[in-house]
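K.L.:
got a sequence here, can you model it:
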Amino acid sequence: MSISSTIKSIQDIMRKDVGVDGDAQRIGQLVWMFFLKIYDDKETEYELLNDDYRSPIPDALRWRNWAADPEGMTGDDLLEFVNNQLFKTLKDLQPLHNDQRGFVIRSVFEDAYNYMKSGHLIRQVINKINEGIDFNKAQDRHLFGDLYEQILRDLQNAGNAGEYYTPRPVTQFMVDMVAPQLGEKILDPACGTGGFLTCAIETVRKQHVKTVEQEQLLQESIFGVEKKPLPHLLCTTNMILHGIDVPTNVRHDNTLSRPLRDYGPKDRVDVIVTNPPFGGMEEDGIETNFPANFRTRETADLFLVLIMHLLKEGGRAAVVLPDGTLFGEGIKTRIKEQLLTTCNLHTVVRLPNGVFAPYTGIKTNLLFFTKGTPTTETWFYEHPYPPGVKNYNKTKPMRLEEFAAEKAWWDNRVENEYAWKVSADDIKARNYNLDIKNPHSPDAEVHDPDTLLADYAALQQRIGQTRDQLKAVLAAALESKA
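P.N.:
Take a look at the predicted model:
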């Protein structure tokens, strides 16, 4: 049975349980079970490599000892065990000898819950997981990305799933272009399920890691923060699955809740790749953590200010931002002025509609910048749909191969039908409006207020001329009849 079929059959079982209300709870239930199964599979690997390995999980609570036997505990006994032993113990786990793995497990279960009320249905779900997935098999491990995508598709009607999901082709392209190196500190300050971080891990590992010491250096270089408990749990699971044995650097927190002035040199990083939440508002008081001229409650704007602050001199960032940031005024203008003054905003890739469907229909952009030198010119690249595609959807999603043109152009930049450059002086003259029309695409949508007003005035003039012509024709016709 495929992973997607396994997930569907598990969710069908959960729908029969009176305690699970809606997709969000079903996913939350599924994820803590997956975590324990994945952790147990990883422990099998640890035990093979280290004869002295000792699990931070008490023996009776390890997946292999209560869940692996299909004829094992069920009914009220299983429900009692899960609620009063498993969760109670793991939520308050006291790691032996300061074992960091124990702290990771405790942090995972601090915000996890068992919603199911039927021990018989819990047993059915557990058996499906055991039958369908072995995370020590390379193929199943590779397919976990597909599992994530299915989980997130299921979440689209259960909340703001788009806050923490970025299509893998976009993630890979952004990481490829910032090209993280071994030993560089890599951060996603709104890491969601960990898509950018796992992509960076695999990229650095494939290109640079040859020794055990280099692998250890990589593991110490990955940092993430996620505000919401469900995606944080998914991210922690994803880190372990991708070989980050003790992902203590992936924290459950709100990066914006710390005053900007409290971030010092030790917090600076070399690379930031992220898709911060946009379209939302932070809780009252968060904006006071930022300088007065950048205070806003709009999440994407605050993250952009934070990212500029956290980059080291020479640090590189790739950030997903909505169109509204590009053409917005007021505080947005001041933030963009700061961006172009303190960083080299060298590239803006403009994505077409549908890239983030069905989570949002908002048009988005990929901003690439380096801290330390001001912008002199910015290149824009309008990413086209592939031939025969008018919009992305479930059957025609974006593919990584579509970015081949941008990659070929990246180090040898010339203007073409999709690429054009604008000087920093021109951007400043536009009051830092970055929503700049492709000069090679006359039908492109424009949001520049001056342009829109000029177009409106010209339209009004044409309407007036047409009206005068019609009046003249009508007058002439009436005279001839007279």
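K.L.:
show me what counts as buried in stretch 323-330.
P.N.:
By neighbour count on 16 or more other CB atoms under 10 Å, the buried set for stretch 323-330 is 323-328. C-beta: built from backbone N, CA, C; applies to glycine.
K.L.:
what's the weakest-modelled helix or strand in this protein?
P.N.:
Ranking every helix and strand in the chain by mean pLDDT, DSSP states H and E puts helix 138-142 at the bottom, with a mean of 58.
K.L.:
what about the helices in the stretch 51-200 of the chain?
P.N.:
63-66, 75-81, 87-91, 100-110, 119-132, 138-142, 144-155, 168-178, 195-208 (DSSP state H, counting those that start in this stretch).
K.L.:
columns distance to residue 354 and mean neighbour count on top of those, output as TSV?
P.N.:
Shown next, in TSV, are these (distance: least, CB to CB, whole Å; neighbours: other CB atoms under 10 Å):
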stretch	distance to residue 354	mean neighbour count
helix 63-66	40	17
helix 75-81	44	16
helix 87-91	41	16
helix 100-110	34	19
helix 119-132	32	19
helix 138-142	26	12
helix 144-155	15	18
helix 168-178	12	21
helix 195-208	19	21
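K.L.:
which among those is found nearest to residue 357?
P.N.:
helix 144-155 (10.9 Å; CB to CB).
K.L.:
biggest strand in this protein by residues?
P.N.:
Ordering each strand of the chain by length in residues (DSSP state E) puts strand 311-322 first.
K.L.:
in this structure residue 58 contacts residue 89, no?
P.N.:
Yes. Residue 58 lies in contact with residue 89 (CB atoms under 8 Å); the separation is 6.3 Å.
K.L.:
so where's this protein shaky on pLDDT?
P.N.:
Residues of the chain meeting the criterion pLDDT under 70: 1-3, 135-164, 279-280, 358-359, 442-457, 481-482.
K.L.:
run the chain-centre distance for stretch 305-321.
P.N.:
16 Å (CA atoms, centre = their mean, to the nearest Å).
K.L.:
then that stretch to PDB, C-alphas only?
P.N.:
Output of stretch 305-321 as PDB, limited to C-alpha atoms (Å, rounded to 0.1, in the frame of the first residue of the first chain):
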ATOM      1  CA  VAL A 305      12.900  43.900   9.400                       C
ATOM      2  CA  LEU A 306      14.000  41.000  11.600                       C
ATOM      3  CA  ILE A 307      15.700  39.200   8.700                       C
ATOM      4  CA  MET A 308      17.700  42.300   7.800                       C
ATOM      5  CA  HIS A 309      18.800  42.700  11.500                       C
ATOM      6  CA  LEU A 310      19.800  39.000  11.900                       C
ATOM      7  CA  LEU A 311      22.000  38.700   8.800                       C
ATOM      8  CA  LYS A 312      25.700  39.000   9.300                       C
ATOM      9  CA  GLU A 313      27.700  41.400   7.100                       C
ATOM     10  CA  GLY A 314      27.800  39.600   3.800                       C
ATOM     11  CA  GLY A 315      25.000  37.300   4.900                       C
ATOM     12  CA  ARG A 316      22.500  36.100   2.200                       C
ATOM     13  CA  ALA A 317      18.700  35.900   2.300                       C
ATOM     14  CA  ALA A 318      16.000  34.500   0.100                       C
ATOM     15  CA  VAL A 319      12.500  35.400   1.200                       C
ATOM     16  CA  VAL A 320       9.000  34.800  -0.100                       C
ATOM     17  CA  LEU A 321       6.900  38.000   0.100                       C
END
